[in-house]
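Enquirer: What follows is a predicted protein model with its sequence.
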Amino acid sequence: MAGKVDLHTHTNHSDGFHSPSGLLELAASRQIRTISITDHDTVDGVKEAMKHAVRFGIEIIPGVEFSSYHNDQEVHILAYFIPLDDPELKRYLTFFRLERERRAERIIAKLNKLNVDLTMEDIRLAAGRSTIGRPHIANALLQKGFVKSFGEAFIQYLGNNAPAYERKVHISPGTLFKLVNDLGGLSFLAHPGNMPEDTIKDIIDMGVDGIEVVHPSHSQSQVEYYTNIVNTYFLLGSGGSDFHGGKRADETNLGKYCATPDMISKMKINIKKHIPYN
């Protein structure tokens, strides 16, 4: 299928702004013909999008973005070509969803100690049907007038070194690679731009299938660097806009940061077993 390829997008089922159909409509208008919806810890947006794929003439690669830790650093893992109704995947996603709720409760407790009168009900209202994450807490802080901008919420309260920060549950990259491998899918290290070289090497040694080469946070020299790593270690490459939309300053990124047709072709050749999609 001709057209652009974006393998990293988010919908309002996690921390994106657009509905799945809204994302597809926008993608089609920007000549994207292959897309992966990689919401955090949920595949509900993928399932909804697949109902609209034919109408927009877009091929959907089923995906999800997991959070992990290695050497006390958060590591994001993109999984592609996964069977959406697999019982083991559902078990993991249910676990992550519950852990996100518990993390939000811990953040709320810290905010309350800082005299910020926010409740879990406020967060659930901000999240709607989405899996709860820090962006929803940031939106609640903004709506309640505790901060003046989405970014200020992270700087003042929610960022990694801020007073209300709570880290996510610890799942090792190796555990996630095994899960994805057992599902017959492919695992990729997401946006490695700020990672130490040793961490990337460890991730490769653990069995990751590929690296996200193209990403808005990567300079051209970094794209060339990660391309060289992919070629040196016989890995797969991917790329995408990490699109969220809405209040975030990335509304123009969709269609601008893309994987190459060669990347998606190699991915399809390397799928570990046949996974029906679209």
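Expert: On my side now, so go ahead.

Enquirer: alpha carbons only for contacts and neighbour counts from here, please
Expert: Will do.

Enquirer: Gln31 contacts Asp6, doesn't it?
Expert: No. Gln31 lies out of contact with Asp6 (Cα atoms under 8 Å); the separation is 10.4 Å.

Enquirer: Neighbour count: these two, which is higher?
Expert: Taking other Cα atoms under 10 Å, Gln31 and Asp6 do not tie; Asp6 has more neighbours (30 against 15).

Enquirer: Would you mind pulling up the elements that the helix or strand where that one lies packs against?
Expert: Here Asp6 sits within strand 4-9, counting by DSSP states H and E. When contacts are defined as 3 or more Cα pairs under 8 Å, 6 or more residues apart in numbering; DSSP states H and E, strand 4-9 packs onto strand 32-37, strand 236-239, helix 261-269.

Enquirer: Kindly recompute the last result at 6 Å.
Expert: strand 32-37 (3 or more Cα pairs under 6 Å, 6 or more residues apart in numbering; DSSP states H and E).

Enquirer: And the contacts of the helix or strand following the strand it packs on?
Expert: The helix or strand immediately downstream of strand 32-37 is helix 44-50, counting by DSSP H and E. Contacts to helix 44-50, defined as Cα atoms under 6 Å, 6 or more residues apart in numbering, come from residues 13, 20-21, 37, 278.

Enquirer: pLDDT at the closest residue in space to Met267 that isn't next to it in sequence, what is it?
Expert: Counting by Cα to Cα, 6 or more residues apart in numbering, Met267 lies nearest to Leu236, which is 6.8 Å off, once chain neighbours are set aside. At Leu236, the model reports a pLDDT of 97.

Enquirer: and Leu236, how many neighbours does it have?
Expert: 23.

Enquirer: same deal with the one 10 residues further on?
Expert: Burial of Gly246, expressed as a neighbour count using other Cα under 10 Å, amounts to 11.

Enquirer: Could you report the distance from the closest residue to it other than its chain neighbours to Ala126?
Expert: Nearest non-adjacent residue to Gly246, counting by Cα to Cα, 6+ apart: Phe17, 5.0 Å away. As defined by Cα to Cα, to the nearest Å, Phe17 lies at a distance of 12 Å from Ala126.

Enquirer: Ok, Glu166 next?
Expert: Separation of Glu166 from Ala126 (Cα to Cα) stands at 19 Å.
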